[in-house]
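[1] I would like the atomic coordinates for the input below:
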Amino acid sequence: MLLLKNATAVQFEPAFIKEGVDIAIDGSTIKEVGANLSMKYPDAIVKEMHGKLVMPGLVCSHNHFYSGLARGVMADIQPSPDFISILKNLWWRMDRALDEEAVYYSGLICSLEAIKSGCTSVIDHHASPNYIGGSLSTMRKGFIKAGLRGMTCFETTDRNGGMKEMMAGVEENIAFAQLIDRAKEEGTEPYLVEAHIGAHAPFTVTNDGLAMMAEAVQATGRGIHVHVAEDRYDVTHSHHHYGQDIVDRLDSFGLINEKTLLAHGLFLSDRDIDILNAKDGFLVHNARSNMNNNVGYNNKLTRFKNVALGTDGIGADMLEELKFSFFKHRDAGGPLWPDSFMKNLWNGNEI
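    Reported below is the predicted structural model:
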């Protein structure tokens, strides 16, 4: 038994800060929080905190660790007046350049950066089209080396190789989920990293790809992690090619449930939001990334039942993300106060 004495305790939901608190820890479980607990647990090892902060680990609910390699890049990038051209001229060029070594070090370096920021868990969304098979296992090695908890998945897409590329992406997601299941059963390595079934965005995944993803969800018991409506193009594409709203299309393949993570969602319809809410899925809000890419603001943020916070690859400083999320919301005329965004941050721990 460990007793943290005289701490300043921070709770996210409901949000409060309380001084002079004792915290009794039994193994990996917080057994009790209160005042003067040393009398109650006389045999505990006491660590005097002298008023230092004790708080939950921060969680980044949507990140791209490979983006960490882009910081300070001096690439010859063509003018990019809209979001799709930013993807084509920068990010899709970069992820095609990733090999096994780059993937490993992106996972390791960004894990260390996350820990330095007080972030103890990261939900990653990975892409390396020229290194698909085994890429998630390589990412996992970086997490384990640093001691960071998290999830990762591969961005299923057809943007480079059509059906063959989509199939390889789904197969990598399944293989990684199976690897995690074996690791849990055997107990051979630290169980720190979980799996999702990933996709880039609906406009780069055909219905055949969604059908394969649905089979992967069924086979592995995992949920999907995908960008949706980050830009209006995603919505227009879904209407033009499939005659459906985005979430409605995903749901028609059985892909929306309580394990679903949809990143961005700036331009989802009211019906889309109702579907996500009814299935208890999560929207992950990425305020700084949306500002950086000039894609707009999610004015329907208050309509979502479950909102978490992510960075979309802009580091893992979740307190900085929290500040930007609040101030951007207020700047857009939103009604929420900081405690609402603390709840959103806490939802990462719930995930």
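
[2] same question for stretch 144-155: list its buried residues.
    Residues of stretch 144-155 classed as buried: 144, 146, 148-155 (neighbour count, 16 or more other C-beta atoms under 10 Å). All C-beta spots, glycine's among them, are computed from the backbone N, C-alpha and C.

[3] try stretch 292-299
    293, 295-298.

[4] tell me which residues touch the closest residue to T152 other than its chain neighbours, please.
    Closest residue to T152 apart from its sequence neighbours, by C-beta to C-beta, 6 or more residues apart in numbering: D124 at 4.1 Å. Contact analysis of D124 by C-beta atoms under 8 Å, 6 or more residues apart in numbering lists 63-65, 107, 139, 150-153.

[5] how about the contacts made by R271?
    245, 247-248.

[6] closest one of the buried residues of stretch 144-155 to K88?
    E155 (15.1 Å; C-beta to C-beta).

[7] check contacts around the closest one.
    Taking C-beta under 8 Å, 6+ apart, one finds 125-127, 169, 198-200 in contact with E155.

[8] domain-wise, how is this structure divided?
    2-54, 58-350 (automatic domain parsing).

[9] most packed of those?
    domain 58-350 (a mean of 20; mean count of other C-beta atoms under 10 Å).

[10] if we can go back for a sec, now, which of the contacts of R271 sits nearest G134?
    Checking the contacts of R271 one by one against G134 (C-beta to C-beta), the nearest turns out to be V247, at 31.6 Å.

[11] which non-adjacent residue is nearest the closest one?
    In space, V247 is closest to D272, 3.6 Å off (C-beta to C-beta, 6+ apart).

[12] quick revisit: least confident of the buried residues of stretch 292-299?
    pLDDT is lowest at N293 among those; the value there is 91.

[13] so how far is L301 from the nearest residue to that residue once chain neighbours are set aside?
    Here the nearest residue to N293 in space, its sequence neighbours aside, is F83; by C-beta to C-beta, 6+ apart that works out to 5.5 Å. Using C-beta to C-beta, to the nearest Å, one obtains 19 Å as the distance from F83 to L301.

[14] repeat for Y191
    34 Å.

[15] hmm, who's touching the lowest-mean-pLDDT helix or strand in the chain?
    Sorting the helices and strands of the chain by mean pLDDT, DSSP states H and E puts helix 92-96 at the bottom, at a mean of 81. Contacting residues not belonging to helix 92-96 are listed as 66, 69-70, 73, 75, 127-130, 159-160 [C-beta under 8 Å, 6+ apart].

[16] give me that answer again for 7 Å
    66, 70, 127-130, 159-160 (C-beta atoms under 7 Å, 6 or more residues apart in numbering).

[17] which other helices and strands does the helix or strand that contains M166 contact?
    Per DSSP states H and E: M166 is located in helix 162-186. Applying 3 or more C-beta pairs under 7 Å, 6 or more residues apart in numbering; DSSP states H and E, we find helix 162-186 packed against helix 135-146, strand 193-195, helix 207-220.

[18] need the ones you listed in CSV with mean pLDDT and distance to N257, can you?
    Below are the helices and strands packed on helix 162-186 laid out as CSV (pLDDT from 0 to 100; distance: least, C-beta to C-beta, whole Å):
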stretch, mean pLDDT, distance to N257
helix 135-146, 96, 21
strand 193-195, 97, 15
helix 207-220, 98, 8
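
[19] what's the closest of these to H285?
    Shortest distance between H285 and the helices and strands packed on helix 162-186, using C-beta to C-beta, is found for strand 193-195: 21.3 Å.

[20] the closest one packs against which elements?
    strand 149-152, helix 162-186.

[21] try it again at 10 Å.
    Applying 3 or more C-beta pairs under 10 Å, 6 or more residues apart in numbering; DSSP states H and E, one finds that strand 193-195 makes contact with strand 119-124, helix 135-146, strand 149-152, helix 162-186.

[22] the first one to helix 135-146, inter-axis angle?
    The one in question is strand 119-124. Counting by axes from the mean of the first three to the mean of the last three C-alpha atoms, to 10 degrees, strand 119-124 lies at 170 degrees to helix 135-146.

[23] got CSV for the helices and strands packed on helix 162-186, with distance to G20 too?
    What follows is the helices and strands packed on helix 162-186, written out as CSV (distance: least, C-beta to C-beta, whole Å):
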stretch, distance to G20
helix 135-146, 34
strand 193-195, 37
helix 207-220, 46
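
[24] quick check, pLDDT for I86.
    pLDDT, read off for I86, is 84.

[25] so where does it fall, helix or strand?
    With DSSP H and E as the test, I86 turns up in helix 83-86.

[26] packing partners of that helix?
    helix 232-242, helix 287-293.

[27] out of those, nearest to A24?
    helix 287-293 (36.9 Å).

[28] how far off centre is that closest one?
    With C-alpha atoms, centre = their mean, to the nearest Å as the basis, helix 287-293 stands 15 Å off its chain's centre.

[29] what does that helix contact?
    By C-beta atoms under 10 Å, 6 or more residues apart in numbering, the residues outside helix 287-293 that reach it are 62, 64, 67, 80, 82-83, 86-87, 91, 230-231, 263-264, 266, 286, 295-298, 301, 309-315, 317, 320-329, 341.
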